[in-house]
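Engineer: generate a structure from the sequence data that follows.
(chains A and B)
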Amino acid sequence: DAKTTQPPSMDCAEGRAANLPCNHSTISGNEYVYWYRQIHSQGPQYIIHGLKNNETNEMASLIITEDRKSSTLILPHATLRDTAVYYCIVSPHNTNAGKSTFGDGTTLTVKP
Amino acid sequence: KAGVTQTPRYLIKTRGQQVTLSCSPISGHRSVSWYQQTPGQGLQFLFEYFSETQRNKGNFPGRFSGRQFSNSRSEMNVSTLELGDSALYLCASSGGTSDRLGQFFGPGTRLTVL
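Structural biologist: The predicted model follows:
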(Lines give C-alpha, C1' and ligand atoms only; values in the text may rest on other atoms or scores of the structure.)
Protein backbone atom coordinates (compact mmCIF):
# COMPACT_ATOMS: atom_id res chain seq x y z
CA ASP A 1 0.00 0.00 0.00
CA ALA A 2 1.15 3.54 -0.72
CA LYS A 3 2.37 5.58 2.23
CA THR A 4 0.86 8.85 3.27
CA THR A 5 2.33 11.96 4.87
CA GLN A 6 0.31 14.21 7.16
CA PRO A 7 1.28 17.11 9.40
CA PRO A 8 1.47 15.90 13.00
CA SER A 9 -0.85 18.55 14.40
CA MET A 10 -3.17 21.40 13.47
CA ASP A 11 -5.35 23.88 15.29
CA CYS A 12 -8.67 25.26 14.12
CA ALA A 13 -11.07 27.80 15.58
CA GLU A 14 -14.54 26.56 16.39
CA GLY A 15 -16.97 27.34 13.59
CA ARG A 16 -14.26 27.74 11.00
CA ALA A 17 -13.37 25.28 8.27
CA ALA A 18 -10.66 22.75 9.06
CA ASN A 19 -8.54 21.78 6.07
CA LEU A 20 -6.41 18.70 6.67
CA PRO A 21 -3.81 17.91 3.98
CA CYS A 22 -2.41 14.54 3.01
CA ASN A 23 0.34 13.64 0.57
CA HIS A 24 0.25 10.27 -1.16
CA SER A 25 2.66 10.75 -4.02
CA THR A 26 3.17 7.00 -4.62
CA ILE A 27 -0.51 6.18 -4.91
CA SER A 28 -1.28 3.66 -7.62
CA GLY A 29 -4.18 3.61 -10.02
CA ASN A 30 -6.35 1.15 -8.11
CA GLU A 31 -5.93 2.78 -4.71
CA TYR A 32 -8.58 4.87 -3.05
CA VAL A 33 -8.01 7.61 -0.50
CA TYR A 34 -9.77 6.99 2.80
CA TRP A 35 -10.08 9.26 5.80
CA TYR A 36 -10.78 8.12 9.33
CA ARG A 37 -10.69 9.87 12.66
CA GLN A 38 -10.13 8.59 16.15
CA ILE A 39 -11.38 10.33 19.22
CA HIS A 40 -9.39 9.49 22.32
CA SER A 41 -9.81 5.90 23.48
CA GLN A 42 -12.41 5.06 20.84
CA GLY A 43 -12.13 3.01 17.66
CA PRO A 44 -11.42 4.90 14.42
CA GLN A 45 -14.46 6.24 12.61
CA TYR A 46 -14.81 6.16 8.83
CA ILE A 47 -15.32 9.63 7.38
CA ILE A 48 -15.11 9.56 3.60
CA HIS A 49 -13.27 8.05 0.67
CA GLY A 50 -12.64 8.82 -2.99
CA LEU A 51 -10.76 7.74 -6.08
CA LYS A 52 -10.23 10.83 -8.22
CA ASN A 53 -13.36 12.94 -8.02
CA ASN A 54 -14.15 15.25 -5.16
CA GLU A 55 -16.58 13.76 -2.68
CA THR A 56 -18.92 15.20 -0.08
CA ASN A 57 -21.05 13.62 2.60
CA GLU A 58 -22.74 14.76 5.78
CA MET A 59 -19.46 14.77 7.69
CA ALA A 60 -16.89 16.26 5.34
CA SER A 61 -15.65 16.99 1.85
CA LEU A 62 -12.69 15.36 0.17
CA ILE A 63 -10.70 17.20 -2.47
CA ILE A 64 -8.27 15.08 -4.49
CA THR A 65 -5.78 16.76 -6.81
CA GLU A 66 -5.90 15.93 -10.49
CA ASP A 67 -2.63 13.98 -10.32
CA ARG A 68 -4.00 12.17 -7.20
CA LYS A 69 -0.77 12.77 -5.32
CA SER A 70 -2.43 14.70 -2.53
CA SER A 71 -5.81 15.33 -0.98
CA THR A 72 -7.49 17.59 1.54
CA LEU A 73 -10.19 16.71 4.02
CA ILE A 74 -12.45 19.64 4.77
CA LEU A 75 -14.62 19.91 7.87
CA PRO A 76 -16.74 22.91 6.88
CA HIS A 77 -17.72 24.12 10.34
CA ALA A 78 -15.48 22.54 12.95
CA THR A 79 -16.87 21.95 16.43
CA LEU A 80 -15.11 21.05 19.66
CA ARG A 81 -16.26 17.46 19.13
CA ASP A 82 -14.19 17.29 15.96
CA THR A 83 -11.01 17.30 18.06
CA ALA A 84 -9.43 13.97 17.16
CA VAL A 85 -6.60 12.26 15.31
CA TYR A 86 -7.33 12.19 11.59
CA TYR A 87 -5.85 9.43 9.47
CA CYS A 88 -5.44 9.50 5.73
CA ILE A 89 -4.78 6.11 4.16
CA VAL A 90 -4.68 4.70 0.68
CA SER A 91 -5.97 1.25 -0.02
CA PRO A 92 -7.04 -0.76 -3.03
CA HIS A 93 -10.74 -1.34 -3.54
CA ASN A 94 -10.32 -5.08 -3.88
CA THR A 95 -9.35 -8.14 -1.92
CA ASN A 96 -6.58 -6.20 -0.20
CA ALA A 97 -9.06 -3.62 0.99
CA GLY A 98 -9.26 -5.07 4.49
CA LYS A 99 -5.55 -4.48 5.05
CA SER A 100 -5.08 -0.82 5.81
CA THR A 101 -1.83 0.86 6.73
CA PHE A 102 -2.36 3.71 9.17
CA GLY A 103 0.33 6.33 9.67
CA ASP A 104 0.62 8.70 12.60
CA GLY A 105 -2.21 10.92 11.45
CA THR A 106 -2.88 14.58 12.22
CA THR A 107 -4.03 15.62 15.66
CA LEU A 108 -6.65 18.29 15.08
CA THR A 109 -7.46 20.52 18.03
CA VAL A 110 -10.54 22.68 17.68
CA LYS A 111 -10.38 25.66 19.99
CA PRO A 112 -13.24 27.81 21.28
CA LYS B 1 -28.14 -1.29 12.32
CA ALA B 2 -25.96 -2.33 15.26
CA GLY B 3 -22.29 -1.46 15.08
CA VAL B 4 -19.24 -3.62 15.56
CA THR B 5 -19.07 -5.09 19.02
CA GLN B 6 -16.03 -6.41 20.82
CA THR B 7 -15.77 -8.42 24.00
CA PRO B 8 -14.40 -8.11 26.53
CA ARG B 9 -13.75 -4.37 26.67
CA TYR B 10 -10.99 -4.67 29.24
CA LEU B 11 -8.72 -7.55 30.14
CA ILE B 12 -5.79 -8.06 32.49
CA LYS B 13 -3.50 -11.04 32.02
CA THR B 14 -0.05 -12.09 33.18
CA ARG B 15 2.95 -12.99 31.09
CA GLY B 16 2.82 -16.47 29.59
CA GLN B 17 -0.95 -16.70 29.61
CA GLN B 18 -3.07 -16.76 26.50
CA VAL B 19 -6.09 -14.64 25.62
CA THR B 20 -9.00 -14.81 23.20
CA LEU B 21 -10.79 -11.69 22.00
CA SER B 22 -14.10 -11.68 20.19
CA CYS B 23 -15.57 -9.45 17.49
CA SER B 24 -19.06 -9.36 16.02
CA PRO B 25 -19.19 -7.43 12.74
CA ILE B 26 -22.01 -5.33 11.39
CA SER B 27 -24.79 -7.54 10.09
CA GLY B 28 -24.11 -8.45 6.47
CA HIS B 29 -20.41 -7.63 6.58
CA ARG B 30 -18.18 -10.53 5.63
CA SER B 31 -14.75 -9.01 6.17
CA VAL B 32 -13.25 -8.66 9.63
CA SER B 33 -9.84 -7.10 10.22
CA TRP B 34 -7.86 -6.90 13.43
CA TYR B 35 -5.48 -4.13 14.45
CA GLN B 36 -3.18 -3.53 17.39
CA GLN B 37 -2.75 0.00 18.67
CA THR B 38 0.04 1.04 21.03
CA PRO B 39 1.40 4.50 21.87
CA GLY B 40 4.77 3.66 20.36
CA GLN B 41 3.79 1.79 17.19
CA GLY B 42 0.45 3.34 16.36
CA LEU B 43 -2.26 1.38 14.60
CA GLN B 44 -0.87 -1.81 13.06
CA PHE B 45 -2.69 -4.33 10.90
CA LEU B 46 -2.76 -7.88 12.27
CA PHE B 47 -4.89 -9.89 9.82
CA GLU B 48 -8.12 -9.94 7.88
CA TYR B 49 -10.67 -12.69 7.48
CA PHE B 50 -13.22 -12.94 4.72
CA SER B 51 -15.73 -15.78 4.45
CA GLU B 52 -13.90 -17.79 7.11
CA THR B 53 -10.53 -17.55 5.32
CA GLN B 54 -7.55 -15.45 6.23
CA ARG B 55 -7.18 -13.09 3.28
CA ASN B 56 -4.42 -10.75 4.46
CA LYS B 57 -1.80 -10.92 7.17
CA GLY B 58 0.41 -8.33 8.80
CA ASN B 59 3.89 -8.72 10.24
CA PHE B 60 3.15 -10.23 13.61
CA PRO B 61 4.61 -13.41 15.13
CA GLY B 62 2.76 -16.70 15.04
CA ARG B 63 1.61 -16.17 18.64
CA PHE B 64 -1.11 -14.02 17.12
CA SER B 65 -3.79 -16.01 15.37
CA GLY B 66 -7.39 -15.67 14.44
CA ARG B 67 -10.38 -17.32 12.91
CA GLN B 68 -13.77 -16.46 11.52
CA PHE B 69 -16.99 -18.36 11.89
CA SER B 70 -19.75 -18.95 9.38
CA ASN B 71 -21.77 -16.09 10.86
CA SER B 72 -18.76 -13.77 10.24
CA ARG B 73 -18.00 -13.39 13.93
CA SER B 74 -14.27 -13.49 14.52
CA GLU B 75 -11.89 -14.28 17.33
CA MET B 76 -8.25 -13.54 17.75
CA ASN B 77 -5.94 -15.40 20.06
CA VAL B 78 -2.63 -14.39 21.53
CA SER B 79 -0.60 -17.16 23.14
CA THR B 80 2.31 -16.85 25.54
CA LEU B 81 1.58 -13.23 26.32
CA GLU B 82 4.45 -10.76 26.62
CA LEU B 83 4.50 -7.37 28.32
CA GLY B 84 4.72 -5.75 24.89
CA ASP B 85 1.37 -7.21 23.92
CA SER B 86 -0.35 -4.67 26.13
CA ALA B 87 -2.40 -2.64 23.69
CA LEU B 88 -5.79 -1.67 22.40
CA TYR B 89 -6.98 -4.38 20.00
CA LEU B 90 -9.41 -3.11 17.41
CA CYS B 91 -11.67 -5.05 15.13
CA ALA B 92 -13.09 -3.57 11.93
CA SER B 93 -15.71 -4.93 9.58
CA SER B 94 -16.52 -4.14 6.00
CA GLY B 95 -18.57 -5.55 3.19
CA GLY B 96 -15.41 -7.06 1.79
CA THR B 97 -16.45 -6.63 -1.80
CA SER B 98 -15.93 -3.87 -4.32
CA ASP B 99 -18.81 -1.83 -3.00
CA ARG B 100 -17.56 -1.48 0.51
CA LEU B 101 -17.61 1.94 2.09
CA GLY B 102 -14.58 1.76 4.28
CA GLN B 103 -14.05 -0.14 7.49
CA PHE B 104 -16.19 0.24 10.57
CA PHE B 105 -14.34 -0.15 13.82
CA GLY B 106 -15.47 -1.48 17.15
CA PRO B 107 -14.64 0.17 20.48
CA GLY B 108 -11.67 -2.13 21.05
CA THR B 109 -10.44 -4.42 23.79
CA ARG B 110 -7.89 -2.91 26.14
CA LEU B 111 -5.44 -5.69 27.07
CA THR B 112 -2.99 -5.20 29.90
CA VAL B 113 -0.25 -7.78 30.41
CA LEU B 114 1.41 -7.75 33.84
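
Engineer: OK, contacts around the spatially most central residue of chain B?
Structural biologist: Central residue of chain B (Cα atoms, centre = their mean): B:Trp34, 3.1 Å from the mean position. Going by Cβ atoms under 8 Å, 6 or more residues apart in numbering or on different chains, B:Trp34 touches B:23, B:45-48, B:66, B:74, B:76, B:89-92. In this view, the C-beta of every residue, glycine as well, is placed from N, C-alpha and C.

Engineer: try B:Ala87
Structural biologist: B:36-38, B:111.

Engineer: tell me the bridge partners for it.
Structural biologist: B:Leu111 (DSSP bridges).

Engineer: ok, it to B:Val32 distance?
Structural biologist: Applying Cβ to Cβ, to the nearest Å, the value for B:Ala87 to B:Val32 is 18 Å.

Engineer: cool, A:Leu73 as well?
Structural biologist: Computed with Cβ to Cβ, the distance linking A:Leu73 and B:Val32 is 26 Å.

Engineer: compare those two (neighbour count), which wins?
Structural biologist: More neighbours surround B:Val32 than the other of A:Leu73 and B:Val32, with 31 against 25 (other Cβ atoms under 10 Å in any protein chain shown).

Engineer: which ones are touching that one?
Structural biologist: Applying Cβ under 8 Å, 6+ apart, we find B:Val32 in contact with A:98, B:23, B:25, B:48-50, B:68, B:72-74, B:91-93.

Engineer: just those: which are in strands?
Structural biologist: Among the contacts of B:Val32, the ones falling in strands (DSSP state E) are B:23, B:48-50, B:68, B:74, B:91-93.

Engineer: specify which member of those residues is nearest to chain A.
Structural biologist: B:Glu48 (3.6 Å; Cβ to the nearest Cβ).

Engineer: contacting residues around residue 22?
Structural biologist: Going with chain A. Residues in contact with A:Cys22, defined by Cβ under 8 Å, 6+ apart, are A:4-6, A:33, A:35, A:70-73, A:88.

Engineer: you answered for a different chain; I wanted chain B.
Structural biologist: B:Ser22 makes contact with B:6-7, B:73-75 under the criterion Cβ under 8 Å, 6+ apart.

Engineer: from these, which is closest to chain A?
Structural biologist: Lowest distance from chain A to those (Cβ to the nearest Cβ) belongs to B:Gln6, with 8.3 Å.

Engineer: buried among the contacts of A:Cys22? Need that as a selection in PyMOL.
Structural biologist: This is how PyMOL selects the buried members of the contacts of A:Cys22, with burial counted by 16 or more other Cβ atoms under 10 Å in any protein chain shown:
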select buried, chain A and resi 4+6+33+35+70+71+72+73+88
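
Engineer: which among the contacts of A:Cys22 gets closest to chain B?
Structural biologist: Distances from chain B to the contacts of A:Cys22, taken by Cβ to the nearest Cβ, are shortest for A:Trp35, at 8.7 Å.
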